[in-house]
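> mind folding the following:
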Amino acid sequence: MLGAAILVKAAIVQFKEGPELRAMAKEMHTRTTALPAERGNIYTEDGSLLCSSIPQFDVHIDFSVIDSALFAKNIDSLATCLSRLFTDKTAGQYKEEFVRAYNDENRYYLLRKNLPYYQYEAVRSFPILNKGKGYGGFIEDPRVKRINPYGMLAYRTIGLFRDNAAPIGLEAMYNKVLSGEDGSRVEQKSTGNVWIPIDGSEVEAQNGKDLVTTLDIGIQDVAEHAMLSVLKKYECMYGTCVVMETKTGKIRALVNLGRQEGTGEYFEDFNYALNRTEPGSVFKMVTLLSLLNDKLINVDQIVDAEGGAITFGNRTMRDSHLGLHQMPIWKAYAESSNAAMAKLAYQYYRNDPEKFVNHLKALQLGMPTGIDLQGDHKIRIKSPSDKDWSATTLPWMATGYEVLITPLHTCMLYNAVANNGTMVRPYIVSGIREYGKDVKTFPPTIVIPKIGDSSTIAQLKKCMRAVVTEGTAKGIESPYYTMSGKTGTAQVADKGIKYTDGCYQGSFVGFFPSEEPKYTICVVVRTKKHSGSYYGATVAAPVFRMVADKIFSANMGAFAGPLDSLAKVSTDRMPAKEATANNYRILMNGLGKEIPMASEYPDAITQLYVDSSKHIAIVPKETAADVMPDVTGMGLKDAIYLLEHNGLQVKIQGKGKVMAQSVTPGTKIIKGQNIILQLS
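Got it, this is the predicted structure:
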């Protein structure tokens, strides 16, 4: 009976339970391993790398699989190799730790975390470990680290990809494009607990595609430094700067810097360009545009600001500076008269405020801009049917209050004026590439063919030009090119800030050159509480000027050389890059300027200098004898001249301007030594 029971049970196991048990056994001895796809890179249009993935490795050792003879013969060599590579421990210390781990049969001894690829390759070639996992105990745990080579530059725009949190910026918007699709491989466990791939089981990963952005690293860099200089000087809460190419809508720079609590340092912590706020006086352009489109005014008509204080209902609209009376409308705009603009809007639209609001909606101010970033979806344009519409809403809307839009909307509006009335959508991704070839490109998109007829646009441009020539922003006028725009100053109350806190938003938005605009720039700065400096002309306009100067100088041509801003915040010396006197002579001749310069050394390295009286001169660059100069940012011709003049042998990598040099500036020069220049 016992024998029969055994036979029955064996049959049940074999035929009834067998398939399930065999599947369980197979599962214990096979596994499917994911093969991660490589995440795509992010570039600029000229090929500069903005974001990429680099491999890192945690390395462990399984001492239980290492043969005793192999360990005894090679432990000294392994310890010596590791001490030379890492230098944190002596060979004796490494040997002592390894002997202890070997005797304990440690199966997962941590050798090192986060090894870069070149160190990982070195470690796996060392004695014992070069026998692999099954005999040398070498265990690697690979992972990918996402890096931004330019650090904080455009950090919030490019974004961040994180395994443990949601991505942000372009990394979030184009996550599917960048990530690709993981592959897989079936592995089987062999003796020694080693997993061996099964032939034919591998499904290759589909690597992510690359993004090509419209950002310009040079413009982004100068915009960030210009913004940072103002934020630090006035201890502002945050600032944003948008640089848009007029014809296309391409975003060439997008700066977002916020002050960090505790440290007082500034970081790209939030996309303030897509943060809705009351825009203030820069919104007066929209009021003027509505009046001109309805043919209710022309800008040469006279308006009476009534001393700069006019009462509407139970509230009084006041100018920041009282005393303005009768003047042309263009003058009222240039002087940023709240009273005059509110009066015009109230006079012509009080009986039909919906007509004014419809103009705002026709400009798509109630809709997101459509840029490839998250954040501009909570904008608001009030309507007379809203519960919070009051008798004073219309005049206050006319001056930029009781309306919520983003700085990017403001930039898009002014760019339409610069573009002769054609409104284009701002965008920041120009294409998607795979293995170096474009698989998709994004052309400019026209949002509104004409926001106004030619007469309307001409009158708006006249008003904006007057702001710079004789209005609130006349301090930023350049002697080399023309610019137009509008200042804005708004007292704000949001996110825990009350109007009584005395917190302001200073703005300047404009374009240059005025005759044929190439770029539109919007600068918005949020001041600290009760700041003594808060006007748009003080905190925002200088940033516009610095960025415009840099762009203007860079687009003069091959001989222009650098011409940095005269509107620097805290110095009288212009930090212009060095160039030969001949190159500067060509530049000044092109500008039609007669500026003193050293004539006895036409090939000498020189630089621009401005004294306290704003007189410009070109003076020889002071260089210490036998000391390595800093040539980063210089043109190749000038850099080679300066270095070879000091007896150095120059080698070149790449094309363009000098981005890096192999010998540190300030170190002692050895005649005949080699120096490598990395060009952009």
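
> per-residue confidence at Asp304?
Asp304 carries a pLDDT score of 96 in this model.

> burial measure for it, as a count.
14 (other Cβ atoms under 10 Å). For every residue, glycine as well, the C-beta is placed using N, CA and C.

> contacts only, for it.
His325, Gln326, Ala340, Lys343 (Cβ atoms under 8 Å, 6 or more residues apart in numbering).

> which among these count as buried?
For these, a burial check counting by 16 or more other Cβ atoms under 10 Å picks out Ala340, Lys343.

> filter the contacts of Asp304 down to just the ones in strands.
Gln326 (DSSP state E).

> just put the contacts of Asp304 in TSV and tack on distance to Gly159 and pLDDT.
Below are these laid out as TSV (distance: Cβ to Cβ, whole Å; pLDDT from 0 to 100):
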residue	distance to Gly159	pLDDT
His325	52	94
Gln326	52	96
Ala340	43	96
Lys343	45	97
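
> nearest to Met659, of the contacts of Asp304?
Ala340 (50.7 Å; Cβ to Cβ).

> verify the stated contact: the closest one with Ala309.
No. Counting by Cβ atoms under 8 Å, Ala340 stays clear of Ala309, with 11.2 Å between them.

> helix/strand/coil for Glu261?
coil (DSSP: H, G, I helix; E, B strand; the rest coil).

> can you get me a residue count around it?
6.

> and what of Gly264?
So Gly264, with other Cβ under 10 Å, has 9 neighbours.

> tell me the secondary structure at it.
coil.

> identify the residues contacting it.
Gly264 neighbours (Cβ under 8 Å, 6+ apart): Glu235.

> could you find the closest non-adjacent residue to Glu235?
Lys528 (5.2 Å; Cβ to Cβ, 6 or more residues apart in numbering).

> please tell me how far the residue positioned nearest the centre of the chain sits from Val547.
For the chain, the residue lying nearest the average C-alpha position, counting by Cα atoms, centre = their mean, turns out to be Ala154 (1.4 Å). Counting by Cβ to Cβ, to the nearest Å, the separation of Ala154 from Val547 is 14 Å.

> which secondary structure element of this protein has the lowest mean pLDDT?
The weakest-scoring helix or strand in the chain, judged by mean pLDDT, DSSP states H and E, is helix 18-29 (a mean of 66).

> and the next helix or strand past that one?
Using DSSP states H and E, the helix or strand that directly follows helix 18-29 along the chain is strand 30-35.

> which regions of the chain lie under the pLDDT threshold?
Under the criterion pLDDT under 70, the flagged ranges of the chain are 21-28, 162-165, 190-195, 377, 555-578, 590-592, 596-604, 609-615, 621-625, 666.

> tell me the domain ranges of it?
For the chain, automatic domain parsing gives the domain ranges 1-29, 36-211, 218-554, 579-620, 636-679.

> who wins for proximity to Met628 among the ones you listed?
domain 636-679 (4.9 Å).

> in stretch 304-319, which residues are buried?
Ala305, Glu306, Gly308, Ile310, Phe312, Met317, Asp319.

> ok, the fourth one touching Asp319?
No. With the criterion set as Cβ under 8 Å, Ile310 and Asp319 do not qualify as a contacting pair; they are 9.4 Å apart.

> give me the common contacts of those two.
Here Ile310 and Asp319 have Ala339 as joint contacts, going by Cβ under 8 Å, 6+ apart.

> count the neighbours of Met588 for me.
18.

> from Tyr480, how far out is it?
From Met588 over to Tyr480 the distance is 10 Å, taken as Cβ to Cβ.

> got it, and Thr441?
From Thr441 to Tyr480 the distance is 35 Å (Cβ to Cβ).

> could you single out the nearest of the contacts of Asp304 to Lys450?
Checking those against Lys450 with Cβ to Cβ, the nearest one is Ala340 at 26.7 Å.

> now do the contacts for the closest one.
By Cβ under 8 Å, 6+ apart, Ala340 lies in contact with Val303, Asp304, Ala305, Leu324, Met327, Ile329, Ala332.

> which of those residues has the most neighbours?
Neighbour counts for those peak at Ala332, which has 29 neighbours (criterion: other Cβ under 10 Å).

> run through the residues that contact that residue.
Here Ala332 is in contact with Val303, Ala305, Leu324, Ala340, Met341 (criterion: Cβ under 8 Å, 6+ apart).

> again, 7 Å this time
Applying Cβ atoms under 7 Å, 6 or more residues apart in numbering, one finds that Ala332 lies in contact with Val303, Ala305, Ala340, Met341.

> where's it, which helix or strand?
Ala332 belongs to helix 329-334, assigned by DSSP H and E.
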